[in-house]
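K.L.:
Pasting a predicted model and its sequence here:
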Amino acid sequence: MKTNIFEPVTLGSLQLKNRISMAPMTRARNADGIPNNDNAIYYSQRAGAGLIITEGTAISDTAKGVLYIPGLYTAEQVEGWKKVTKAVHEKGSTIFTQLWHVGRVSHTSNQPNGIAPVGPSDIQAETSYAWGYDENGKEGPVISSKPRALSTSEVKEVVNDFAKAAKNALEAGFDGVEIHGANGYLIEQFLNPFVNNRKDEYGGTIENRSRFLLEIVDAVIEVLGNEKTAIRLTPYGGLGDLPHYDEIEATYQYLAKELTKRNLAYVHLMDQQSKGSHALPDGFLERFRSWYDGVIILAGSMTREKSEKLINAGTIDVAGFGEPFISNPDLAERLENNWELTPPDRNLYYGLGNQGYTDWKTYKELQLL
């Protein structure tokens, strides 16, 4: 029997009105880092998705690599996010926030008092860009600065920062959190032996390089419970100057086994091919499904046809859509009715103001023009 991806579904602890998820996307709309009414409008406009995952949200003032992103480490930010969660819940959707630390993919202009960003080592992401200020004070893409290696005790402090942000997320009314373990940011930097050359308990073997990720997961579970804890991963990705390594498959098999034990809300996989990086190898999704028996979300160049095929095969449980949601706030309804999609405008993806943010029209509104 075929699955109707547009019908309500219970997946583990998740009660979703459909199997469509809005994937996390940085929009850089918060000059002061505090969510506001415009953010509430933006997310509530897209609450046709069964699950909304917010843009990456900084866990501390040193976690950022992009100007104007929101955080979850101050009381003011918690109050701001309450507006967002309330607006989305009023539309009948579920909302998780994505907890983010960019690690070495940052710039001194993103850091308090211009300090160096941190990473598992002092190896620089020499061809990866942050979004900050250049030497002339002009805003734009800037090559990531040389990082400073975290000490062992500092690694544990970052784990604690994730836990504090998770506690704040609960207070802000989120249904759960997604830990950002993908796209070349800090957690994935620890997994990669070309970037992680540590000699302590966080470096060397697959188990040691995975320790940081699993400690974060466990710290968040301690605060929220496993049913409100999720993670995003990008196996075989290459963003953030992360070279492929021989143990990729073994690393994600180990992680899948460990995450299965923890019975998370979901694991969110992303195929980075849509970002100009490497695609997931043929058969990897099926292998990951055999290793991990919980809820799986897949994002990256998804279509209705592709998502239905993978869901009906049992390979994934929820389809994640990113960029189409930017210019199609009613994306779930458009997919269900096979209505034409409005193409996005990349020039309006980032930056302050509402143009290209809350002013996109639904299909029905366009028919009235």
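P.N.:
Noted; the coordinates are in hand. Numbers count the residues shown, from 1 in each chain.

K.L.:
Just the endpoints, please. Distance across stretch 354-363?
P.N.:
19 Å (CA to CA, to the nearest Å).

K.L.:
Run the chain-centre distance for it.
P.N.:
22 Å (CA atoms, centre = their mean, to the nearest Å).

K.L.:
Run through who's touching that stretch.
P.N.:
27, 29, 38, 41-42, 45, 326-330, 333-334, 337, 339-340, 342, 345, 347-349, 369 (CB atoms under 8 Å, 6 or more residues apart in numbering). For glycine as for every other residue, the C-beta is placed from the backbone atoms N, C-alpha and C.

K.L.:
Go ahead and confirm Ile221 touches Leu259.
P.N.:
No - counting by CB atoms under 8 Å, Ile221 does not reach Leu259; the two are 10.8 Å apart.

K.L.:
Mind checking which of these two has more residues around it?
P.N.:
When Ile221 and Leu259 are compared on other CB atoms under 10 Å, the one with more neighbours turns out to be Leu259, at 24 against 18.

K.L.:
which is the next helix or strand following the host helix or strand of the more buried one?
P.N.:
Assessed by DSSP states H and E, Leu259 sits inside helix 248-262. On the C-terminal side of helix 248-262, the nearest following helix or strand under DSSP H and E is strand 266-270.

K.L.:
Which strands or helices does that next one pack on?
P.N.:
Packing contacts for strand 266-270, counted by 3 or more CB pairs under 8 Å, 6 or more residues apart in numbering; DSSP states H and E, involve strand 229-233, strand 296-299, strand 318-321.

K.L.:
got the buried residues for the helix holding Leu259?
P.N.:
The neighbour-count check on helix 248-262 (16 or more other CB atoms under 10 Å) flags 248, 251-256, 258-259 as buried.

K.L.:
Format those as TSV; extra columns: pLDDT and distance to Gly283.
P.N.:
Shown next, in TSV, are the buried residues of helix 248-262 (pLDDT from 0 to 100; distance: CB to CB, whole Å):
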residue	pLDDT	distance to Gly283
Ile248	97	14
Thr251	98	17
Tyr252	98	13
Gln253	98	13
Tyr254	98	18
Leu255	98	18
Ala256	98	15
Glu258	98	22
Leu259	98	20
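
K.L.:
Among the residues you listed, which one sits closest to Ala165?
P.N.:
Leu259 (19.6 Å; CB to CB).

K.L.:
contacting residues around that closest one?
P.N.:
Here Leu259 is in contact with 217, 231, 267, 292, 294 (CB under 8 Å, 6+ apart).

K.L.:
Confirm that the last one sits in a strand.
P.N.:
This means Gly294. No - assigned with DSSP: H, G, I helix; E, B strand; the rest coil, Gly294 falls outside any strand and is coil.

K.L.:
pLDDT weak spots in the stretch 101-250 of the chain?
P.N.:
Low-confidence segments of the stretch 101-250 of the chain (pLDDT under 70): none present.

K.L.:
which residues of it fall in helices?
P.N.:
152-171, 186-191, 206-224, 248-262 (DSSP state H, counting those that start in this stretch).

K.L.:
winner for burial among these?
P.N.:
Burial of the helices of the stretch 101-250 of the chain is given as mean neighbour count (mean count of other CB atoms under 10 Å); helix 186-191 ranks first at a mean of 27.

K.L.:
Return the closest of the buried residues of helix 248-262 with respect to Gln189.
P.N.:
For the buried residues of helix 248-262, the nearest to Gln189 is Thr251 (13.1 Å; CB to CB).

K.L.:
can I assume that closest one is in contact with Glu207?
P.N.:
No - using CB under 8 Å, Thr251 makes no contact with Glu207, being 9.7 Å away.

K.L.:
any idea how far stretch 200-216 is from the chain center?
P.N.:
21 Å.

K.L.:
next one: stretch 197-216
P.N.:
With CA atoms, centre = their mean, you get 21 Å for stretch 197-216.

K.L.:
Could you do stretch 225-232 as well?
P.N.:
The answer for stretch 225-232 is 13 Å, by CA atoms, centre = their mean.

K.L.:
Repeat that for stretch 1-15.
P.N.:
22 Å.

K.L.:
going forward, begin numbering at 53 instead of 1
P.N.:
Got it, the first residue is 53 from now on, which makes the last one we talked about stretch 53-67.

K.L.:
Buried ones in that stretch, by neighbour count?
P.N.:
57-58, 61, 63, 65-66.

K.L.:
From start to finish, how long is it in a straight line?
P.N.:
21 Å.
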